[in-house]
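show me the folded form of this:
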Amino acid sequence: MIIDGKQNKLRKLLEGVLTSLGWSYIFFFSVQLIASLLLWYFNIKLFHSELFTDENIQGTIRVFTINVILALINFIIMYTWGMYNAKKFGRLHRRKFLNDVTNAEVANYFQIPESQVEHFQKSKWIELEETIV
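Predicted coordinates:
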C-alpha cells in the first residue's frame, strides 16, 4: 500500500502550529542564551559592575530566582509529560507495519509499466524527459 498523505486539514494545521510554536520556543531560548553568554564574556567588567552593585543586587537576585523557578517548572512539566506518555502508551505495541510495496503496486500508482519500475530500481543514474509524478 502506498500512503498518499491525505490527512485531516484541521489536524494538519494544528500539528503545524504546535510544531512551529515548539521550534520558536527552542530557537528564541537558544538565541537568548547564546547572546547572553557572548555579551557576558566580552563585557565581564561591565556585567559585574552593573549587576552586582548595591543598588542592583536585589534586582539581579530576583531575575536569577525567576529564571530558576521557570526552569524548574519547565523541567517538571516535561518530566511529568514524559512519565505520563510512558505509562499510558509505552507498553501498548500498537504499531502494525504494512507489507512491502510490490513493483506492481508502484507501477500501478505511477501508471508506468512494471518493467520500467524494475529498470529504475537497478539503475544508478536515471534521467527523465518529463516527470512521472
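
quick one, helices of this protein?
In the chain, the segments counted as helices under DSSP state H are 9-42, 44-51, 57-89, 103-110, 114-122.

for the second one, what is the average pLDDT?
The predicted model assigns helix 44-51 a mean pLDDT of 64.

please tell me how far S30 sits from G22.
Separation of S30 from G22 (CB to CB, to the nearest Å): 13 Å. All C-beta atoms are positioned from the backbone trio N, CA, C, and that covers glycine.

hang on, I meant N108
N108 is 39 Å from G22, by CB to CB.

give me the more crowded residue out of the two.
N108 (13 against 10; other CB atoms under 10 Å).

please name the residues that touch the residue sitting furthest away from the middle of the chain.
Most distant residue from the mean C-alpha position of the chain: D54, 43.3 Å away (CA atoms, centre = their mean). Listed by CB atoms under 8 Å, 6 or more residues apart in numbering, D54 has no contact partners.

distance of it from T60?
11 Å.

then L39?
L39 is 15 Å from T60, by CB to CB.

repeat for T19
36 Å.

equivalent analysis for F89, please.
43 Å.
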